[in-house]
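Novice: Okay, predicted coordinates and the sequence, questions at the end:
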Amino acid sequence: MGKYFGTDGFRGEANKDLTVDHAFRIGRYLGWYYSKGHRAKIVIGKDTRRSSYMFESALCAGLTASGADAYLLHVTSTPSVSYITRADDFDCGIMISASHNPYYDNGIKLINSDGDKMEESLLDGIEAYLDSDEQLPYAHGADIGETIDYAAGRNRYIGYLISLATRSYKGKRVGLDCANGSTWMMAKSVFDALGADTYVISNHPDGLNINVDCGSTHIEQMQKYVLDNNLDVGFAFDGDADRCLAVDEKGNICNGDHILYLSAKYLQDRGMFGNSKVVTTIMSNMGLYKALDALGIGYEKTAVGDKYVAENMKKNGHLIGGEQSGHIIFSRYATTGDGVLTAIKVMEAMCETKLPLSELTEGMKMYPQKLKNVVVDDKDGTLADEEVQAEVKRVEEQLGSEGRVVLRKSGTEPLLRVMVEAGTQELCEERVDQIIEAMNRTGHLIRVK
């Protein structure tokens, strides 16, 4: 990770950590970089945050001032920008979003021409430019770029999603929580077109209510909605719709690990999985690995971040990968996590097997898990501290094969994350606190967030 760009773009509080000047200069650099030898085409999408419009204008000003054309998808999802960037031969794509963060945060995600997250070498160049006094050349006359309405690209992406469904959803009662974000219009259009009886909540964005008590970070809203309305299934997206969590007909949460399990089993049962492996991060639940072992399905573990999952899948040709948080990648259809696509693939498994979601996931048992975020004086110093390391090892020995510890740095915040899985929730709590107390004894702990 660089100074500004983390695992999921340049993210921070709008006009404090990420300013309009940053956005303008990023646009200036990208426009200059891609305009060498031809007139660059760069596509931009945004979520519903109030500040997204401000950053869109700043990026457009920077791009066009450097001679690039800026194509605007307007309010749309991160996966739609990825799809349109590669499908319509753009030099790169930009998504303005802070995903599941609160409205006052925002972010700039950069996508390369293949629809993947931007290469580190280009991000390094942008960061060096942001910290320099370098003046890039301005375009003049007819070389100044245009800003072009490209809502048609968003509509084409919606058509692509609809084309992926294998059956009609007629007779299926489906709930959608749009998080007052990117899918507020898009998701219902897709499910209505596929014949579902569609019930929607959190689809009235006002610029300030994105992710507020709704979406995949507040799945309890969809749990209640499914039960109150006797729905067959519910899906909850995050602010930019690259995540999806599901709720079965009984009101139980179906997280990213459940979706990875049922998707792999569905393909295996149909002889479509071959020698592929499920790609997870180190934060996936032990229950997923034990369930995959029982099916004879292999898996790989990466560092936390859908970026690393995507890189592994692309390198090794794997079909399914993702995170417990609901970032799920189906490599046959997308290069990034796509919440609406994930919902479509879950519906495919339900429709083709004629089984409810609760039965599709019953072969996987989640182990109790506790995660605490701790603010420390020095993340690297705390991780390297011998007494902290010794305590982690002691906890691992106490848990044996029926539990595990994950201690890692946050990729987007100044935190360490302490996670323990064990046989009971009480044991998880005890062992997490045991490790945090070691941080306190060594003088590293500032507070538990």
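Specialist: Looks like it came in fine. Numbers count the residues shown, from 1 in each chain.
Novice: how near is the residue of the chain most remote from its centre to Glu323?
Specialist: Relative to the centre of the chain, the most outlying C-alpha is that of Gly141, 40.5 Å out, by CA atoms, centre = their mean. Distance of Gly141 to Glu323, given as CB to CB, to the nearest Å: 48 Å. (C-beta placed from N, C-alpha, C; glycine too.)
Novice: same check, this time on Glu387
Specialist: 31 Å.
Novice: which stretches of this protein have low pLDDT?
Specialist: 1, 411-412 (pLDDT under 70).
Novice: Quickly list the domain ranges of it.
Specialist: Using automatic domain parsing, the domain parsing of the chain gives 5-155, 165-360, 369-448.
Novice: end-to-end on the second one?
Specialist: The reference is to domain 165-360. The separation between the terminal residues of domain 165-360, taken as CA to CA, to the nearest Å, is 18 Å.
Novice: With the shortest one instead?
Specialist: Using CA to CA, the end-to-end distance of domain 369-448 comes to 17 Å.
Novice: His292 contacts Val279, doesn't it?
Specialist: His isn't right for residue 292; it's Leu. No - at 11.5 Å, Leu292 does not count as touching Val279 under the criterion of CB atoms under 8 Å.
Novice: Can you list the helices and strands that the helix or strand where Glu311 lies packs against?
Specialist: Element membership of Glu311 [criterion: DSSP states H and E] is helix 306-316. Secondary-structure packing of helix 306-316 (3 or more CB pairs under 8 Å, 6 or more residues apart in numbering; DSSP states H and E): strand 278-281, strand 299-302, strand 320-322, strand 328-330.
Novice: If we go by neighbour counts, what in it is buried?
Specialist: Within helix 306-316, the residues scored as buried using 16 or more other CB atoms under 10 Å are Asp306, Lys307, Tyr308, Val309, Ala310, Glu311, Asn312, Met313, Lys314.
Novice: Pull the contacting residues for the nearest residue in space to the fifth one that is not next to it in sequence.
Specialist: Okay, so that is Ala310. Nearest residue to Ala310 in three dimensions, chain neighbours excluded: Ile329, at 5.9 Å (CB to CB, 6 or more residues apart in numbering). By CB atoms under 8 Å, 6 or more residues apart in numbering, Ile329 lies in contact with Val279, Asp306, Val309, Ala310, Met313, Ile320, Gly321, Gly322, Thr335, Thr336, Gly337, Asp338.
Novice: related to what we said a few turns ago, now the buried residues of helix 306-316 in a markdown table, with distance to Gly125?
Specialist: Converted to a markdown table, these look like this (distance: CB to CB, whole Å):
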| residue | distance to Gly125 |
| --- | --- |
| Asp306 | 23 |
| Lys307 | 18 |
| Tyr308 | 22 |
| Val309 | 25 |
| Ala310 | 22 |
| Glu311 | 20 |
| Asn312 | 25 |
| Met313 | 26 |
| Lys314 | 23 |
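Novice: Can you give the distance from stretch 229-236 to the centre of its chain?
Specialist: In terms of CA atoms, centre = their mean, to the nearest Å, the centre of stretch 229-236 is found 22 Å from the chain centre.
Novice: outside of that stretch, which residues touch it?
Specialist: 172-177, 179, 187, 199, 214-216, 218-219, 221-223, 225-226, 244-249, 339, 342-343, 346-347, 350, 356-357.
Novice: Give me the distance between the two termini of it.
Specialist: 15 Å.
Novice: Same question for that stretch: list its buried residues.
Specialist: Neighbour count says stretch 229-236 has Leu231, Asp232, Val233, Gly234, Phe235, Ala236 buried, by 16+ other CB under 10 Å.
Novice: Contact partners for Ile259?
Specialist: Cys244, Ala246, Gly322, Gly326, Ile328, Thr342, Lys345, Val346.
Novice: whoops, Tyr83 was the one
Specialist: Gly115, Tyr157, Tyr160, Ala334.
Novice: one more time with 6 Å
Specialist: Counting by CB atoms under 6 Å, 6 or more residues apart in numbering, Tyr83 touches Tyr157.
Novice: So which of the contacts of Ile259 sit within helices?
Specialist: Thr342, Lys345, Val346 (DSSP state H).
Novice: Provide the backbone phi and psi angles at Leu407.
Specialist: phi -120, psi 120 (degrees, to the nearest 10).
Novice: Next, count neighbours for it.
Specialist: 20 (other CB atoms under 10 Å).
Novice: partners of it in the sheet?
Specialist: Leu407 forms beta bridges with Val418, as assigned by DSSP bridges.
Novice: Go through the helix or strand containing Ile435 and flag the buried ones.
Specialist: In the assignment (DSSP H and E), Ile435 maps to helix 425-441. Buried residues in helix 425-441, counted by 16+ other CB under 10 Å: Leu427, Cys428, Arg431, Val432, Asp433, Gln434, Ile435, Ile436, Ala438, Met439.
Novice: I'd guessed the third one sits against Val395; true?
Specialist: What that stands for is Arg431. Yes - using CB atoms under 6 Å, Arg431 is in contact with Val395, at 4.8 Å.
Novice: circling back to that earlier point, so for Leu292 and Val279, which sits in the more crowded spot?
Specialist: Of the pair Leu292 and Val279, Val279 is the one with more neighbours under other CB under 10 Å, namely 28 against 24.
Novice: OK, contacts around that one?
Specialist: Val279 sits in contact with Glu300, Val309, Asn312, Met313, His318, Gly321, where contact means CB under 6 Å, 6+ apart.
Novice: quick one: it and Ala303, what's the gap?
Specialist: 12 Å.
Novice: Could you do Leu415 as well?
Specialist: 16 Å.
Novice: again with Gly337
Specialist: From Gly337 over to Ala303 (counting by CB to CB), the distance is 16 Å.
Novice: More neighbours: those two, which one.
Specialist: Each of Gly337 and Ala303 has its neighbours counted (other CB under 10 Å); Gly337 has more, 29 against 15.
Novice: tell me the phi and psi of the more buried one?
Specialist: phi -60, psi 140.
Novice: Apart from its neighbours in sequence, what residue is nearest it?
Specialist: Gly337's closest residue in space is His327 (CB to CB, 6+ apart), at 3.6 Å.
Novice: ok, now which ones touch that neighbour?
Specialist: Taking CB under 6 Å, 6+ apart, one finds Arg243, Asp306, Gly337 in contact with His327.
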